[in-house]
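A.B. asks: here is a sequence with its predicted model. Questions after.
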Amino acid sequence: MLAKMEEDPQFFNQILWSDESTLKRDGYLNLHNLHSWELENPHLMREDRSQYQFKINDWTGILNGMIIGPFELPGNLTGQSYLEFLQNDLPNLLQEVPEELRESYWLQNDGCPAHYAVPVRAYLNSRYPNRWIGHLGPILWPPRSPDLNPLDFFFTGAV
């Protein structure tokens, strides 16, 4: 990554940073990522139990400052469902992106097992030759990474 940044200081603007989030309520909420940073006490109240249950998988991306999505993925994320998303849904989500950027962007994947299934990697190697970041990719996503991408530091907090 550092070598790419030295070659092209705008390299990070050419990366489609992506992440999936499973939003679910099964009686308890995961309050780990629910923070409120205020200068004064907002007297924030948070519900921590519910009888209503649901589960949604959402994919979201950021490319050159543009938020792409969110897009609801069906059921549990598998290699096959992720491959179908990449082939069928992602091109539609990128329609508003300028054509020259659509043809040259890099795709970032984290270490999710569905991202490095054999058919997914085969597709990524053909669609993004030497232009994808991920587990077993041309640029490796660090193992046990804390997922250092803009979605974790901007989008999740903004939502």
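C.D. replies: Sure, I can see it.

A.B. asks: in what element of secondary structure is Asp19 found?
C.D. replies: strand 15-25 (DSSP states H and E).

A.B. asks: which strands and helices lie in contact with that strand?
C.D. replies: Using 3 or more CB pairs under 8 Å, 6 or more residues apart in numbering; DSSP states H and E, the elements in contact with strand 15-25 are strand 54-63, strand 106-108. Bear in mind the C-beta positions are built from the backbone N, C-alpha and C, glycine included.

A.B. asks: quick check, central residue of the protein?
C.D. replies: The centroid of the chain falls nearest to Asp19 when counting by CA atoms, centre = their mean (1.5 Å).

A.B. asks: walk me through which strands the strand holding Asp19 pairs with, and which way each runs.
C.D. replies: Paired neighbours of strand 15-25 in the sheet (DSSP bridges): strand 54-63 (antiparallel), strand 106-108 (parallel).

A.B. asks: give me the nearest residue to Arg131, chain neighbours excluded.
C.D. replies: Trp106 (4.7 Å; CB to CB, 6 or more residues apart in numbering).

A.B. asks: list the contacts of the one you found.
C.D. replies: Contacts for Trp106 (CB atoms under 8 Å, 6 or more residues apart in numbering) come out as 14-16, 128, 131-133, 139.

A.B. asks: okay, and the beta partners of it?
C.D. replies: Ile15.

A.B. asks: so where do the helices sit in this protein?
C.D. replies: 2-7, 79-84, 90-93, 99-102, 118-127, 150, 156-158 (DSSP state H).

A.B. asks: rounded mean pLDDT for the shortest one, please.
C.D. replies: Here helix 150 scores 68 as its mean pLDDT.

A.B. asks: one more: the second one?
C.D. replies: Taken as a whole, helix 79-84 has an average pLDDT of 94.

A.B. asks: ditto for the third one
C.D. replies: Averaging the model's pLDDT scores along helix 90-93 yields 96.

A.B. asks: who's in contact with that helix?
C.D. replies: For helix 90-93, using CB under 8 Å, 6+ apart, the contacting residues are 61, 68-69, 71.

A.B. asks: who wins for neighbours among these?
C.D. replies: Ranked by neighbour count (other CB atoms under 10 Å), these have Gly61 at the top, with 26 neighbours.
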